[in-house]
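**Student:** return a 3D structure for these sequence lines:
(one chain, ligands or ions: 1)
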Amino acid sequence: MRGMVTLKSEAEIERMRASGRIVAEVLAAIETQIGPGVTTLELDRLAESIIRGHEGARPAFKGYGGFPASICASVNDEVVHGIPSKSRRLEQGDIVGIDVGVLLDGYHADAARTFGVGQVAEETGKLLAVTRSALEAGIDAAQPGARLGDVSAAIQNLAESAGFSIVRDLVGHGIGQHLHEDPQVPNFGVEGRGLELEPGLVIAIEPMVNVGGAEVRTLQDAWTIVTIDGSLSAHFEHTVAITEGGPDILTRVA
Ligand code: MG
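**Tutor:** Residues are numbered from 1 along each chain as shown. Alright, predicted model coming up:
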């Protein structure tokens, strides 16, 4: 089913790129602050101050469905939607997924990266590298005339061939005037199937990859998603416009 997919004009895509630059600035700043002893609430405060330092910009997540913070900060077995907290202090060897959304001039951008805290174990480093590569493979497959299933399959193949599993209960999404729009962008699927990717389609591609099983559950805070088996999970995301010339990543600094 096609659903309510809206294609964006070049002017709209440029507005989303302006939002995306702020998202990228936040993630770059957070990267410099990640380390043992830092709390996820401190990272949230940093993100909010950078976002609000840009005239007219606001954190897209704050208040979204009642979410209380400007970033999601998801540590170790937390997959996504972790709530920043002054009692969550990062430790050597942890990983933390930071997800940031910005609304500026009526248009959203959304991106995430997972960072290692100090030195991480070898398998942990592999999880981060594979999840990042899975995002890159998905973006490379997001060519005009390709199908959504090509993106999904590229991500799935990369993660599963490395021995990891893809979270299926959460998916990427269209993005624009709303943070979450159609179409859904699953991280698993079949090549050649699904919506044709037309220039003007803008999607947030966001693989979530687990070391162990794919199954997840929601904690009692009603937000935090964790792996059922307690295994580590990583998350990387970019907001990507499909253009005549190929995929165009909007959540970049330059
Ligand atoms: Mg997203």
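**Student:** who touches the residue lying closest to R217 once chain neighbours are set aside in this structure?
**Tutor:** Computed as C-beta to C-beta, 6 or more residues apart in numbering, the closest residue to R217 that is not its neighbour in sequence is I228, at 5.4 Å. Where C-beta positions appear, they are placed from N, C-alpha and C, glycine not excepted. Residues near I228 by C-beta atoms under 8 Å, 6 or more residues apart in numbering: G213, E215, V216, R217.
**Student:** and the second one, how far from G163?
**Tutor:** As defined by C-beta to C-beta, to the nearest Å, E215 lies at a distance of 17 Å from G163.
**Student:** could you report the pLDDT at M1?
**Tutor:** Looking at M1, its pLDDT is 44.
**Student:** no wait, E91
**Tutor:** 98.
**Student:** assign it to helix, strand or coil.
**Tutor:** Classification of E91 using DSSP: H, G, I helix; E, B strand; the rest coil returns coil.
**Student:** and it, what does it touch?
**Tutor:** By C-beta under 8 Å, 6+ apart, the neighbours of E91 are P36, V117.
**Student:** which helices and strands does the helix of greatest length in the chain pack with?
**Tutor:** Scanning the chain for the longest helix, with DSSP state H as the assignment, gives helix 10-33. On a contact count with 3 or more C-beta pairs under 8 Å, 6 or more residues apart in numbering; DSSP states H and E, helix 10-33 meets helix 40-52, strand 95-104, strand 107-116, strand 238-243.
**Student:** how far off centre is the longest one?
**Tutor:** I take that to be helix 40-52. 17 Å (C-alpha atoms, centre = their mean, to the nearest Å).
**Student:** on that earlier part again, separation between the residue nearest to R217 and I249?
**Tutor:** From I228 to I249 the distance is 32 Å (C-beta to C-beta).
**Student:** which single residue in the stretch 51-200 of the chain comes nearest to the ion?
**Tutor:** The ion sits closest to D110 of the stretch 51-200 of the chain, with a gap of 4.2 Å, by C-beta to the ion.
**Student:** what residues are bridge-paired with that residue?
**Tutor:** G101 (DSSP bridges).
**Student:** what of M208?
**Tutor:** Beta-bridge partners of M208, as defined by DSSP bridges: H235.
**Student:** so it touches T227, yeah?
**Tutor:** No. Applying C-beta atoms under 8 Å as the test, M208 and T227 come out as separate, 9.7 Å apart.
**Student:** more crowded one of the two?
**Tutor:** For M208 and T227, the more surrounded residue by other C-beta atoms under 10 Å is M208, and the numbers stand at 32 against 23.
**Student:** show me what contacts that one?
**Tutor:** V79, V80, T131, I166, V167, L170, N187, S233, A234, H235.
**Student:** want to throw the residues you listed into CSV with secondary structure, neighbour count and pLDDT?
**Tutor:** Below are the contacts of M208 laid out as CSV (DSSP: H, G, I helix; E, B strand; the rest coil; neighbours: other C-beta atoms under 10 Å; pLDDT from 0 to 100):
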residue, secondary structure, neighbour count, pLDDT
V79, strand, 25, 98
V80, strand, 21, 98
T131, helix, 29, 98
I166, strand, 22, 98
V167, coil, 25, 98
L170, coil, 17, 98
N187, coil, 26, 98
S233, strand, 30, 98
A234, strand, 31, 98
H235, strand, 26, 98
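**Student:** which of the residues you listed sits closest to V5?
**Tutor:** N187 (18.7 Å; C-beta to C-beta).
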